[in-house]
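> the sequence and its predicted three-dimensional model are supplied below.
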Amino acid sequence: MQLLANPGLRRTMGENGHQHVKQNFLLTRHLKDYLFLMLSLDHPDEDIVQFYEN
């Protein structure tokens with residue numbers, strides 16, 4: 001009932017849900033994770049994490 005009565009809350013929850021899916025479940029996210037894993041294995045002495053977080 002709270003969502004029915006509060007359009008701002010609906011919008012915020014929808015935007016948060018969209019962002020969560022985008023960051024955690026899209027193919028591009030999995031591809032990025034995989035590529036950074038391969039890069040870190042290929043360059044074990046370099047700090048790959050600094051590039052990953054951008």
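Structure's in. What do you need?

> looking at this structure, which helix is longest?
Taking DSSP state H as the criterion, the chain has its longest helix at helix 7-24.

> what is that one packed up against?
helix 2-5 (3 or more Cβ pairs under 8 Å, 6 or more residues apart in numbering; DSSP states H and E). Heads up, the C-betas are built off the backbone N, CA and C, glycines and all.

> contacts for the helix it packs on, please.
Residues from elsewhere that reach helix 2-5 (Cβ atoms under 8 Å, 6 or more residues apart in numbering): 9-10, 13.

> OK, contacts around the residue nearest in space to the middle of the chain?
By Cα atoms, centre = their mean, the chain has its centre lying nearest to residue 23, at 1.7 Å. By Cβ under 8 Å, 6+ apart, the contact list for residue 23 reads residue 29.

> do residue 31 as well
By Cβ under 8 Å, 6+ apart, residue 31 lies in contact with nothing.

> now the element after the longest helix of the chain, going C-ward?
helix 27-42 (DSSP states H and E).

> tell me what angle that following helix forms with helix 7-24.
40 degrees (axes from the mean of the first three to the mean of the last three Cα atoms, to 10 degrees).

> please save the CA atoms from helix 27-42 in PDB.
Below are the C-alpha coordinates for helix 27-42, written out as PDB (Å, rounded to 0.1, in the frame of the first residue of the first chain):
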ATOM      1  CA  LEU A  27      26.300  -9.400 -19.900                       C
ATOM      2  CA  THR A  28      28.500  -6.300 -20.200                       C
ATOM      3  CA  ARG A  29      29.200  -6.400 -16.400                       C
ATOM      4  CA  HIS A  30      30.100 -10.100 -16.600                       C
ATOM      5  CA  LEU A  31      32.300  -9.500 -19.600                       C
ATOM      6  CA  LYS A  32      34.100  -6.700 -17.800                       C
ATOM      7  CA  ASP A  33      34.700  -8.900 -14.800                       C
ATOM      8  CA  TYR A  34      36.000 -11.700 -17.100                       C
ATOM      9  CA  LEU A  35      38.400  -9.300 -19.000                       C
ATOM     10  CA  PHE A  36      39.800  -7.900 -15.800                       C
ATOM     11  CA  LEU A  37      40.400 -11.400 -14.500                       C
ATOM     12  CA  MET A  38      42.300 -12.300 -17.600                       C
ATOM     13  CA  LEU A  39      44.200  -9.100 -17.500                       C
ATOM     14  CA  SER A  40      45.200  -9.600 -13.900                       C
ATOM     15  CA  LEU A  41      46.300 -13.200 -14.600                       C
ATOM     16  CA  ASP A  42      48.400 -11.900 -17.500                       C
END
